[in-house]
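Undergrad: A structural model of the following input is requested.
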Amino acid sequence: MSCHRTEFHLMRAKIQSSVAIALVVLILQFSAGCRNRSNSETTTTPTQITVVLSITGSARELDATDLSVPTGSTVFQLMQIAAQKKLITLDDFSETLGQVFIKSINGQSNSQQQGRYWLFYVNDELSKVGCNSYILENGDQIRWSFAESPY
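TA: Below is the predicted model:
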């Protein structure tokens, strides 16, 4: 009888060990699946966005052109990138009270006598801030126009 008890206890210990191992394997698989799922559900911020730039109202215009810029870039930084790529010339600008104002693009300068200035539009709306204050969003359409000021 004691032999049967010993065999029973050994068998029981083996079953418990097997169950414990199976539980550990299941827990590891489940936690790995959760880690993979959470990584795939996490959205990452792109390092680059694409915007459209156009220049109108000067002798040298720029048709709508897609440009990639770093996420968080301003319209002024977009203009600097366009100038670096030789798409435009950014001839003159000034900073007043922390706002950058473009004075000359592609050889066309602001003219107080004519009341014409470089104005920029974001998605066809005249901007109410300086070009260094507007943070670009993916797909924005930026149009600079040399035109009469509405102010």
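Undergrad: Quick check: closest non-adjacent residue to the residue nearest the centre of the chain.
TA: In the chain, the residue lying closest to the centroid (CA atoms, centre = their mean) is residue 71, at 3.4 Å. In space, and not counting its chain neighbours, residue 71 is closest to residue 49: 5.5 Å by CB to CB, 6 or more residues apart in numbering. The way it works is simple: take the backbone N, C-alpha and C, and place the C-beta from them, glycine included.
Undergrad: Make sure that neighbour is indeed in a strand.
TA: Yes. Under DSSP: H, G, I helix; E, B strand; the rest coil, residue 49 sits within a strand.
Undergrad: any idea how far residue 61 is from residue 137?
TA: Distance, residue 61 to residue 137, using CB to CB, to the nearest Å: 24 Å.
Undergrad: Comparing those two, which residue is more hemmed in?
TA: Set residue 61 next to residue 137 and count neighbours by other CB atoms under 10 Å: residue 61 wins out with 15 against 11.
Undergrad: what about residue 105, how many residues close to it?
TA: 26.
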